[in-house]
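Novice: Next one to model:
(chains A and B)
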Amino acid sequence: MTEMVYREALKAGIREEMLRDERVFLLGEDIGLNWGGAFKVTKGLAEEFGAERVRDTPISENTIAGAAVGAAITGMVPVAEIMFGDLITLAMDQVCNQAAKMHYMFGGQTSVPLVLRTVFGGGKNIASHHSQSLEAWFMHTPGLKVAVPAFASDVKGLIKTAIRDPNPVLFAEHKLVYDKKEEVPDDEYLIPFGEAKVRREGADVTIWGTFIMLHKALEVAEELQKEGISVEVIDPRTLVPLDKKTLIDSVKKTGRLVLVTEETKTGATTAEIAAIVQEEAFDWLDAPIKRVNAPDTPVPFSPPLENYFIPDNKRIAQAVRDIV
Amino acid sequence: MKGHSRFDPAKYRPQEEADYWLSEEKDAVNIIQKIAIEHGAITEKDAEKIRTNLQKDVDKAGEFAKKSDFPEPEETLDDVYAEAI
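Specialist: Numbers count the residues shown, from 1 in each chain, chains lettered A, B, ... in the order given. I've put the predicted structure just below:
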(Lines give C-alpha, C1' and ligand atoms only; values in the text may rest on other atoms or scores of the structure.)
Protein backbone atom coordinates (compact mmCIF):
# COMPACT_ATOMS: atom_id res chain seq x y z
CA MET A 1 0.00 0.00 0.00
CA THR A 2 1.11 3.54 -0.71
CA GLU A 3 -0.48 6.69 0.67
CA MET A 4 -1.48 9.00 -2.14
CA VAL A 5 -3.95 11.76 -2.92
CA TYR A 6 -7.05 11.10 -5.01
CA ARG A 7 -5.66 13.02 -8.00
CA GLU A 8 -2.52 10.83 -8.11
CA ALA A 9 -4.49 7.60 -7.65
CA LEU A 10 -6.77 8.57 -10.52
CA LYS A 11 -3.83 9.38 -12.76
CA ALA A 12 -2.15 6.09 -11.84
CA GLY A 13 -5.28 4.20 -12.92
CA ILE A 14 -5.48 6.04 -16.25
CA ARG A 15 -1.76 5.48 -16.82
CA GLU A 16 -2.00 1.73 -16.17
CA GLU A 17 -4.82 1.43 -18.70
CA MET A 18 -2.87 3.45 -21.29
CA LEU A 19 0.08 1.10 -20.83
CA ARG A 20 -2.17 -1.97 -21.06
CA ASP A 21 -4.20 -0.98 -24.12
CA GLU A 22 -2.88 1.30 -26.84
CA ARG A 23 -6.42 2.09 -27.99
CA VAL A 24 -6.89 4.16 -24.82
CA PHE A 25 -6.29 7.87 -25.43
CA LEU A 26 -7.20 11.12 -23.70
CA LEU A 27 -8.69 14.31 -25.07
CA GLY A 28 -9.80 17.55 -23.48
CA GLU A 29 -9.04 21.20 -22.86
CA ASP A 30 -5.54 21.94 -21.56
CA ILE A 31 -4.96 18.34 -20.47
CA GLY A 32 -1.72 17.97 -22.40
CA LEU A 33 1.89 19.14 -22.56
CA ASN A 34 3.18 21.54 -19.90
CA TRP A 35 -0.15 21.83 -18.15
CA GLY A 36 -1.94 18.57 -17.33
CA GLY A 37 -5.50 19.80 -16.88
CA ALA A 38 -7.16 22.42 -14.68
CA PHE A 39 -6.96 20.02 -11.72
CA LYS A 40 -3.65 18.43 -12.79
CA VAL A 41 -5.08 14.92 -13.09
CA THR A 42 -3.29 14.24 -16.39
CA LYS A 43 -0.04 16.05 -15.50
CA GLY A 44 2.92 14.29 -17.10
CA LEU A 45 0.87 11.89 -19.23
CA ALA A 46 1.37 13.86 -22.46
CA GLU A 47 5.11 13.95 -21.75
CA GLU A 48 5.08 10.16 -21.25
CA PHE A 49 2.67 9.05 -23.99
CA GLY A 50 2.95 11.87 -26.51
CA ALA A 51 0.53 14.47 -27.83
CA GLU A 52 -1.09 11.88 -30.13
CA ARG A 53 -2.52 9.98 -27.13
CA VAL A 54 -3.06 12.95 -24.81
CA ARG A 55 -4.76 15.43 -27.08
CA ASP A 56 -5.37 19.09 -26.30
CA THR A 57 -8.60 20.38 -27.78
CA PRO A 58 -10.05 23.84 -28.28
CA ILE A 59 -12.83 25.06 -25.94
CA SER A 60 -15.49 23.01 -27.70
CA GLU A 61 -17.28 20.60 -25.36
CA ASN A 62 -19.74 19.38 -27.98
CA THR A 63 -16.87 18.49 -30.30
CA ILE A 64 -14.85 16.84 -27.54
CA ALA A 65 -17.81 14.58 -26.73
CA GLY A 66 -18.73 14.06 -30.39
CA ALA A 67 -15.18 13.18 -31.42
CA ALA A 68 -14.99 10.79 -28.47
CA VAL A 69 -18.23 9.07 -29.46
CA GLY A 70 -16.98 8.72 -33.04
CA ALA A 71 -13.65 7.31 -31.85
CA ALA A 72 -15.41 4.90 -29.49
CA ILE A 73 -17.67 3.39 -32.15
CA THR A 74 -14.75 2.95 -34.54
CA GLY A 75 -12.43 0.97 -32.32
CA MET A 76 -10.75 3.37 -29.94
CA VAL A 77 -11.23 3.77 -26.18
CA PRO A 78 -11.41 7.51 -25.53
CA VAL A 79 -11.20 9.07 -22.09
CA ALA A 80 -12.53 12.58 -22.65
CA GLU A 81 -12.35 15.33 -20.07
CA ILE A 82 -14.86 18.13 -19.63
CA MET A 83 -12.94 20.64 -17.52
CA PHE A 84 -15.93 21.62 -15.35
CA GLY A 85 -19.08 19.52 -15.01
CA ASP A 86 -21.22 22.61 -15.52
CA LEU A 87 -19.92 22.91 -19.09
CA ILE A 88 -21.16 19.45 -19.99
CA THR A 89 -24.41 21.20 -20.90
CA LEU A 90 -22.68 22.10 -24.17
CA ALA A 91 -22.11 18.41 -24.88
CA MET A 92 -25.47 17.05 -23.75
CA ASP A 93 -26.69 16.06 -27.21
CA GLN A 94 -23.62 13.90 -27.84
CA VAL A 95 -23.71 12.41 -24.34
CA CYS A 96 -27.42 11.83 -23.81
CA ASN A 97 -28.88 11.61 -27.33
CA GLN A 98 -25.98 9.88 -29.08
CA ALA A 99 -23.63 8.00 -26.74
CA ALA A 100 -26.32 6.81 -24.35
CA LYS A 101 -28.71 5.52 -27.02
CA MET A 102 -26.53 4.06 -29.78
CA HIS A 103 -26.23 0.53 -28.47
CA TYR A 104 -30.00 0.34 -28.02
CA MET A 105 -31.05 2.04 -31.26
CA PHE A 106 -28.67 -0.02 -33.39
CA GLY A 107 -30.02 -3.21 -31.85
CA GLY A 108 -26.79 -3.97 -30.03
CA GLN A 109 -24.72 -3.83 -33.22
CA THR A 110 -22.43 -1.10 -31.95
CA SER A 111 -21.20 -0.09 -28.55
CA VAL A 112 -19.69 3.11 -27.18
CA PRO A 113 -16.73 2.34 -24.88
CA LEU A 114 -16.31 5.95 -23.84
CA VAL A 115 -15.31 7.47 -20.52
CA LEU A 116 -16.31 11.07 -19.99
CA ARG A 117 -14.49 12.47 -16.97
CA THR A 118 -15.69 15.64 -15.36
CA VAL A 119 -15.75 17.38 -12.00
CA PHE A 120 -18.66 18.61 -9.91
CA GLY A 121 -19.08 20.48 -6.65
CA GLY A 122 -18.62 23.85 -5.00
CA GLY A 123 -16.61 25.16 -2.09
CA LYS A 124 -14.08 27.15 -4.07
CA ASN A 125 -16.04 30.41 -4.55
CA ILE A 126 -15.97 30.10 -8.31
CA ALA A 127 -19.65 30.76 -8.88
CA SER A 128 -22.54 29.14 -10.62
CA HIS A 129 -20.88 28.00 -13.85
CA HIS A 130 -18.07 26.14 -12.09
CA SER A 131 -19.66 24.70 -8.96
CA GLN A 132 -22.78 22.64 -9.69
CA SER A 133 -23.52 19.01 -8.86
CA LEU A 134 -25.41 17.63 -11.86
CA GLU A 135 -25.02 13.87 -11.46
CA ALA A 136 -28.79 13.27 -11.30
CA TRP A 137 -29.17 14.31 -14.97
CA PHE A 138 -26.97 11.40 -16.00
CA MET A 139 -28.47 8.93 -13.54
CA HIS A 140 -31.75 9.79 -15.26
CA THR A 141 -30.42 8.92 -18.73
CA PRO A 142 -30.80 5.22 -19.63
CA GLY A 143 -27.74 3.83 -21.39
CA LEU A 144 -25.16 5.77 -19.38
CA LYS A 145 -23.25 4.40 -16.44
CA VAL A 146 -22.36 6.86 -13.69
CA ALA A 147 -19.40 6.58 -11.33
CA VAL A 148 -19.04 8.89 -8.32
CA PRO A 149 -15.74 8.03 -6.62
CA ALA A 150 -15.11 9.96 -3.39
CA PHE A 151 -11.95 8.31 -2.05
CA ALA A 152 -8.43 7.74 -3.40
CA SER A 153 -8.52 3.95 -2.98
CA ASP A 154 -11.79 3.76 -4.92
CA VAL A 155 -11.01 6.14 -7.75
CA LYS A 156 -8.13 4.08 -9.10
CA GLY A 157 -10.04 0.82 -9.26
CA LEU A 158 -13.14 2.54 -10.62
CA ILE A 159 -11.43 4.43 -13.46
CA LYS A 160 -9.87 1.17 -14.64
CA THR A 161 -13.28 -0.52 -14.65
CA ALA A 162 -14.77 2.50 -16.44
CA ILE A 163 -12.14 2.35 -19.19
CA ARG A 164 -12.76 -1.38 -19.72
CA ASP A 165 -16.56 -1.03 -19.75
CA PRO A 166 -18.11 -1.31 -23.23
CA ASN A 167 -20.65 1.41 -22.36
CA PRO A 168 -20.42 5.19 -22.08
CA VAL A 169 -19.48 6.08 -18.50
CA LEU A 170 -19.95 9.48 -16.94
CA PHE A 171 -17.06 9.49 -14.48
CA ALA A 172 -17.78 12.26 -12.00
CA GLU A 173 -15.13 13.65 -9.70
CA HIS A 174 -15.34 16.39 -7.05
CA LYS A 175 -13.06 19.41 -6.65
CA LEU A 176 -12.64 19.03 -2.90
CA VAL A 177 -11.65 15.36 -2.92
CA TYR A 178 -8.63 15.65 -5.29
CA ASP A 179 -6.34 16.32 -2.32
CA LYS A 180 -7.83 13.67 0.01
CA LYS A 181 -5.21 11.09 0.93
CA GLU A 182 -5.64 7.38 1.44
CA GLU A 183 -3.71 4.12 1.34
CA VAL A 184 -3.96 2.75 -2.20
CA PRO A 185 -3.00 -0.85 -3.08
CA ASP A 186 0.24 -1.20 -5.06
CA ASP A 187 -0.86 -4.19 -7.12
CA GLU A 188 -3.35 -3.86 -9.92
CA TYR A 189 -7.00 -3.97 -8.82
CA LEU A 190 -10.37 -3.22 -10.36
CA ILE A 191 -13.52 -2.24 -8.46
CA PRO A 192 -16.69 -3.59 -10.06
CA PHE A 193 -19.48 -1.11 -10.77
CA GLY A 194 -22.60 -1.49 -8.65
CA GLU A 195 -20.85 -2.34 -5.39
CA ALA A 196 -21.33 0.16 -2.60
CA LYS A 197 -18.84 0.36 0.23
CA VAL A 198 -19.74 0.61 3.90
CA ARG A 199 -17.27 3.29 4.99
CA ARG A 200 -18.24 3.04 8.65
CA GLU A 201 -20.39 0.49 10.43
CA GLY A 202 -23.09 1.65 12.80
CA ALA A 203 -26.34 0.53 14.42
CA ASP A 204 -28.69 3.52 14.83
CA VAL A 205 -28.78 5.52 11.58
CA THR A 206 -27.60 4.99 8.00
CA ILE A 207 -26.11 7.91 6.09
CA TRP A 208 -25.95 7.49 2.30
CA GLY A 209 -24.21 10.21 0.32
CA THR A 210 -21.68 11.13 -2.32
CA PHE A 211 -18.37 12.95 -2.78
CA ILE A 212 -17.23 15.46 -0.14
CA MET A 213 -20.44 14.85 1.81
CA LEU A 214 -19.17 11.37 2.65
CA HIS A 215 -16.02 12.86 4.16
CA LYS A 216 -18.21 15.20 6.20
CA ALA A 217 -20.56 12.36 7.18
CA LEU A 218 -17.62 10.36 8.54
CA GLU A 219 -16.58 13.33 10.70
CA VAL A 220 -20.17 13.71 11.89
CA ALA A 221 -20.37 9.98 12.68
CA GLU A 222 -17.26 10.30 14.84
CA GLU A 223 -18.75 13.29 16.64
CA LEU A 224 -22.13 11.64 17.20
CA GLN A 225 -20.49 8.51 18.56
CA LYS A 226 -19.55 10.62 21.60
CA GLU A 227 -23.27 11.32 22.12
CA GLY A 228 -23.97 7.61 21.92
CA ILE A 229 -25.41 7.69 18.39
CA SER A 230 -23.96 4.98 16.16
CA VAL A 231 -23.92 5.98 12.49
CA GLU A 232 -23.34 3.75 9.47
CA VAL A 233 -21.96 5.52 6.37
CA ILE A 234 -22.49 4.12 2.87
CA ASP A 235 -20.74 5.22 -0.31
CA PRO A 236 -22.56 3.97 -3.45
CA ARG A 237 -19.37 4.49 -5.55
CA THR A 238 -21.51 4.18 -8.71
CA LEU A 239 -25.03 5.55 -9.22
CA VAL A 240 -25.59 3.46 -12.36
CA PRO A 241 -25.56 0.59 -11.73
CA LEU A 242 -26.79 1.26 -8.20
CA ASP A 243 -26.12 -1.10 -5.31
CA LYS A 244 -29.54 -1.21 -3.67
CA LYS A 245 -28.82 -4.29 -1.60
CA THR A 246 -26.08 -2.79 0.58
CA LEU A 247 -28.30 0.21 1.29
CA ILE A 248 -31.47 -1.80 1.96
CA ASP A 249 -29.59 -4.24 4.21
CA SER A 250 -28.24 -1.28 6.17
CA VAL A 251 -31.67 0.32 6.52
CA LYS A 252 -33.09 -3.00 7.71
CA LYS A 253 -30.41 -2.97 10.42
CA THR A 254 -30.62 0.68 11.52
CA GLY A 255 -34.24 1.56 10.65
CA ARG A 256 -33.25 5.16 9.91
CA LEU A 257 -31.86 6.88 6.83
CA VAL A 258 -30.30 10.28 6.14
CA LEU A 259 -29.38 11.10 2.52
CA VAL A 260 -26.68 13.72 2.00
CA THR A 261 -25.50 15.25 -1.26
CA GLU A 262 -24.41 18.67 -2.45
CA GLU A 263 -27.05 18.72 -5.21
CA THR A 264 -29.96 21.13 -5.19
CA LYS A 265 -32.77 19.22 -3.51
CA THR A 266 -35.52 18.87 -6.11
CA GLY A 267 -34.98 15.88 -8.38
CA ALA A 268 -31.59 15.06 -6.85
CA THR A 269 -30.15 11.54 -6.65
CA THR A 270 -31.30 11.53 -3.03
CA ALA A 271 -34.93 11.80 -4.18
CA GLU A 272 -34.53 8.59 -6.18
CA ILE A 273 -32.82 6.81 -3.29
CA ALA A 274 -35.59 7.84 -0.90
CA ALA A 275 -38.19 6.47 -3.32
CA ILE A 276 -36.34 3.16 -3.66
CA VAL A 277 -36.03 2.70 0.09
CA GLN A 278 -39.69 3.43 0.76
CA GLU A 279 -40.64 0.96 -1.99
CA GLU A 280 -38.36 -1.80 -0.84
CA ALA A 281 -37.83 -1.30 2.90
CA PHE A 282 -40.80 0.71 4.14
CA ASP A 283 -41.64 -1.77 6.88
CA TRP A 284 -38.19 -1.45 8.38
CA LEU A 285 -38.19 2.34 8.63
CA ASP A 286 -38.66 3.68 12.17
CA ALA A 287 -38.64 7.34 11.10
CA PRO A 288 -39.14 9.41 7.96
CA ILE A 289 -36.19 9.46 5.54
CA LYS A 290 -34.26 12.73 5.90
CA ARG A 291 -32.67 14.55 2.96
CA VAL A 292 -29.79 17.00 3.39
CA ASN A 293 -29.17 18.89 0.15
CA ALA A 294 -28.47 22.37 -1.15
CA PRO A 295 -31.43 24.74 -1.57
CA ASP A 296 -33.03 25.03 -5.02
CA THR A 297 -30.98 27.99 -6.21
CA PRO A 298 -28.01 28.48 -8.52
CA VAL A 299 -24.72 28.06 -6.62
CA PRO A 300 -23.96 31.50 -5.19
CA PHE A 301 -20.52 33.09 -5.53
CA SER A 302 -20.18 35.13 -2.36
CA PRO A 303 -18.47 33.12 0.41
CA PRO A 304 -21.17 33.51 3.12
CA LEU A 305 -23.82 32.53 0.57
CA GLU A 306 -21.92 29.53 -0.71
CA ASN A 307 -21.31 28.40 2.87
CA TYR A 308 -25.05 28.61 3.46
CA PHE A 309 -25.74 26.71 0.21
CA ILE A 310 -23.44 23.72 0.76
CA PRO A 311 -24.53 21.33 3.51
CA ASP A 312 -22.11 21.37 6.44
CA ASN A 313 -21.39 19.03 9.34
CA LYS A 314 -23.87 20.86 11.54
CA ARG A 315 -26.77 20.30 9.16
CA ILE A 316 -25.88 16.66 8.67
CA ALA A 317 -25.63 16.09 12.44
CA GLN A 318 -28.95 17.87 12.99
CA ALA A 319 -30.70 15.66 10.43
CA VAL A 320 -29.43 12.59 12.28
CA ARG A 321 -30.49 13.93 15.68
CA ASP A 322 -33.93 14.79 14.28
CA ILE A 323 -34.77 11.14 13.66
CA VAL A 324 -33.04 9.23 16.47
CA MET B 1 -4.12 40.65 -23.36
CA LYS B 2 -4.38 38.77 -20.08
CA GLY B 3 -4.89 35.10 -19.17
CA HIS B 4 -8.13 33.30 -18.41
CA SER B 5 -8.17 34.58 -14.83
CA ARG B 6 -5.80 36.24 -12.36
CA PHE B 7 -4.38 32.77 -11.69
CA ASP B 8 -3.34 32.41 -15.32
CA PRO B 9 -0.11 34.18 -16.34
CA ALA B 10 -0.85 33.09 -19.96
CA LYS B 11 2.72 31.96 -20.56
CA TYR B 12 1.48 29.75 -23.39
CA ARG B 13 0.90 32.78 -25.60
CA PRO B 14 3.87 34.54 -27.27
CA GLN B 15 4.15 38.19 -26.22
CA GLU B 16 4.33 39.36 -29.88
CA GLU B 17 0.97 37.71 -30.55
CA ALA B 18 -0.66 39.43 -27.56
CA ASP B 19 0.90 42.76 -28.60
CA TYR B 20 -0.41 42.32 -32.14
CA TRP B 21 -4.01 41.87 -30.98
CA LEU B 22 -3.72 44.78 -28.55
CA SER B 23 -2.28 47.13 -31.17
CA GLU B 24 -4.18 50.26 -32.20
CA GLU B 25 -5.29 48.72 -35.52
CA LYS B 26 -6.38 45.34 -34.08
CA ASP B 27 -8.08 46.31 -30.80
CA ALA B 28 -11.80 45.59 -31.38
CA VAL B 29 -12.97 48.61 -29.39
CA ASN B 30 -10.72 50.91 -31.41
CA ILE B 31 -12.01 49.40 -34.64
CA ILE B 32 -15.68 49.85 -33.78
CA GLN B 33 -14.96 53.39 -32.53
CA LYS B 34 -13.29 54.23 -35.85
CA ILE B 35 -16.23 52.84 -37.83
CA ALA B 36 -18.76 54.72 -35.69
CA ILE B 37 -16.89 58.00 -36.18
CA GLU B 38 -16.50 57.42 -39.92
CA HIS B 39 -20.25 56.85 -40.21
CA GLY B 40 -20.95 60.00 -38.23
CA ALA B 41 -22.72 58.09 -35.48
CA ILE B 42 -20.45 59.62 -32.81
CA THR B 43 -17.69 62.22 -32.65
CA GLU B 44 -14.15 61.86 -31.26
CA LYS B 45 -15.37 63.82 -28.26
CA ASP B 46 -18.34 61.43 -27.71
CA ALA B 47 -15.98 58.48 -27.83
CA GLU B 48 -13.71 60.02 -25.24
CA LYS B 49 -16.69 60.76 -23.02
CA ILE B 50 -17.96 57.17 -23.30
CA ARG B 51 -14.56 55.84 -22.25
CA THR B 52 -14.25 58.26 -19.31
CA ASN B 53 -17.77 57.54 -18.06
CA LEU B 54 -17.37 53.78 -18.37
CA GLN B 55 -14.08 53.89 -16.48
CA LYS B 56 -15.79 55.94 -13.77
CA ASP B 57 -18.68 53.44 -13.54
CA VAL B 58 -16.33 50.50 -13.24
CA ASP B 59 -14.17 52.21 -10.62
CA LYS B 60 -17.27 53.19 -8.66
CA ALA B 61 -18.63 49.64 -8.80
CA GLY B 62 -15.29 48.30 -7.59
CA GLU B 63 -15.22 50.76 -4.68
CA PHE B 64 -18.81 49.94 -3.82
CA ALA B 65 -18.05 46.21 -3.76
CA LYS B 66 -14.96 46.72 -1.57
CA LYS B 67 -16.82 48.93 0.90
CA SER B 68 -19.97 46.76 1.12
CA ASP B 69 -20.59 44.21 3.84
CA PHE B 70 -20.88 40.60 2.80
CA PRO B 71 -24.49 39.57 2.15
CA GLU B 72 -26.55 37.80 4.79
CA PRO B 73 -26.49 34.01 4.29
CA GLU B 74 -30.26 33.85 3.71
CA GLU B 75 -29.86 36.10 0.65
CA THR B 76 -28.82 32.88 -1.08
CA LEU B 77 -32.54 32.28 -1.60
CA ASP B 78 -33.26 35.64 -3.27
CA ASP B 79 -33.61 36.35 -6.99
CA VAL B 80 -34.10 32.78 -8.24
CA TYR B 81 -37.32 33.78 -10.04
CA ALA B 82 -38.54 37.13 -11.30
CA GLU B 83 -41.68 38.55 -9.73
CA ALA B 84 -44.54 39.63 -11.98
CA ILE B 85 -44.71 43.43 -12.08
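
Novice: average pLDDT across stretch A:150-163?
Specialist: Average pLDDT, stretch A:150-163: 98.

Novice: Around chain B, pick out the residues from chain A.
Specialist: A:34-35, A:295-298, A:300, A:302-305, A:307-309 (C-beta under 8 Å from any C-beta of the partner chain). C-beta: built from backbone N, CA, C; applies to glycine.

Novice: can you rerun that using 7 Å?
Specialist: Counting by C-beta under 7 Å from any C-beta of the partner chain, the positions of chain A adjacent to chain B are A:295, A:297, A:300, A:302-305, A:307-309.

Novice: biggest separation within these, which pair?
Specialist: A:295 and A:303 (16.3 Å; C-beta to C-beta).

Novice: Tell me which of the residues of chain A next to chain B fall in helices.
Specialist: Filtering the residues of chain A next to chain B for membership in helices, criterion DSSP state H, returns A:303-305, A:307-309.

Novice: Any of these buried? List them.
Specialist: The neighbour-count criterion (16 or more other C-beta atoms under 10 Å in any protein chain shown) marks A:304-305, A:308-309 among those as buried.

Novice: quick revisit: could I get the ones in helices among the residues of chain A next to chain B as CSV with distance to residue A:132?
Specialist: As requested, these are exported to CSV (distance: C-beta to C-beta, whole Å):
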residue, distance to residue A:132
A:303, 17
A:304, 19
A:305, 15
A:307, 16
A:308, 16
A:309, 11
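
Novice: export these to TSV and tack on distance to residue A:186 and pLDDT?
Specialist: Formatted as TSV, these follow (distance: C-beta to C-beta, whole Å; pLDDT from 0 to 100):
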residue	distance to residue A:186	pLDDT
A:303	40	96
A:304	44	97
A:305	44	98
A:307	39	98
A:308	43	98
A:309	40	98
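
Novice: any idea which of these is closest to residue A:25?
Specialist: Among those, and counting by C-beta to C-beta, the member closest to residue A:25 is residue A:309, at 37.3 Å.

Novice: who's in contact with that closest one?
Specialist: Going by C-beta atoms under 7 Å, 6 or more residues apart in numbering or on different chains, residue A:309 touches A:122, A:294-295, A:297, A:299-300, B:76.

Novice: Kindly provide the distance from residue A:70 to residue B:13.
Specialist: 30 Å (C-beta to C-beta, to the nearest Å).

Novice: oh, I was asking about residue A:230
Specialist: 57 Å.

Novice: the more surrounded of those two?
Specialist: A count of neighbours by other C-beta atoms under 10 Å in any protein chain shown puts residue A:230 above the other of residue A:230 and residue B:13, at 16 against 13.

Novice: Pipe the buried ones among the ones in helices among the residues of chain A next to chain B into TSV and attach distance to residue B:64 per row.
Specialist: TSV is the format used below for these (distance: C-beta to C-beta, whole Å):
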residue	distance to residue B:64
A:304	18
A:305	18
A:308	23
A:309	24
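
Novice: re earlier: give me the buried subset of the contacts of residue A:309.
Specialist: Using 16+ other C-beta under 10 Å, the buried members of the contacts of residue A:309 are A:122, A:294, A:297, A:299-300, B:76.

Novice: Rebuild those residues as TSV, extending it with distance to residue A:266.
Specialist: Shown next, in TSV, are the buried ones among the contacts of residue A:309 (distance: C-beta to C-beta, whole Å):
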residue	distance to residue A:266
A:122	17
A:294	10
A:297	11
A:299	15
A:300	17
B:76	15
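
Novice: ok, of those, which one's closest to residue A:97?
Specialist: Comparing those against residue A:97 with C-beta to C-beta places residue A:299 closest, at 26.2 Å.

Novice: Surely that closest one is in contact with residue A:130?
Specialist: No. The criterion here is C-beta atoms under 7 Å, and residue A:299 misses it with residue A:130 at 8.4 Å.

Novice: show me the contacts for the residue nearest to residue A:22 when sequence neighbours are not counted.
Specialist: Closest residue to residue A:22 apart from its sequence neighbours, by C-beta to C-beta, 6 or more residues apart in numbering or on different chains: residue A:53 at 8.0 Å. Contacts for residue A:53 (C-beta under 7 Å, 6+ apart) come out as A:18, A:25-26.

Novice: can you list those residues in JSON lines and add neighbour count and distance to residue A:246?
Specialist: As requested, those are exported to JSON lines (neighbours: other C-beta atoms under 10 Å in any protein chain shown; distance: C-beta to C-beta, whole Å):
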{"residue": "A:18", "neighbour count": "21", "distance to residue A:246": "32"}
{"residue": "A:25", "neighbour count": "20", "distance to residue A:246": "34"}
{"residue": "A:26", "neighbour count": "25", "distance to residue A:246": "32"}
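
Novice: for chain A, what spans make up the strands?
Specialist: A:2-5, A:24-28, A:54-56, A:77-82, A:115-120, A:145-147, A:169-174, A:181-184, A:197-200, A:205-209, A:231-235, A:238-240, A:257-264, A:290-294 (DSSP state E).

Novice: Could you export the contacts of residue A:53 as a markdown table, including pLDDT?
Specialist: Formatted as a markdown table, these follow (pLDDT from 0 to 100):
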| residue | pLDDT |
| --- | --- |
| A:18 | 98 |
| A:25 | 98 |
| A:26 | 98 |
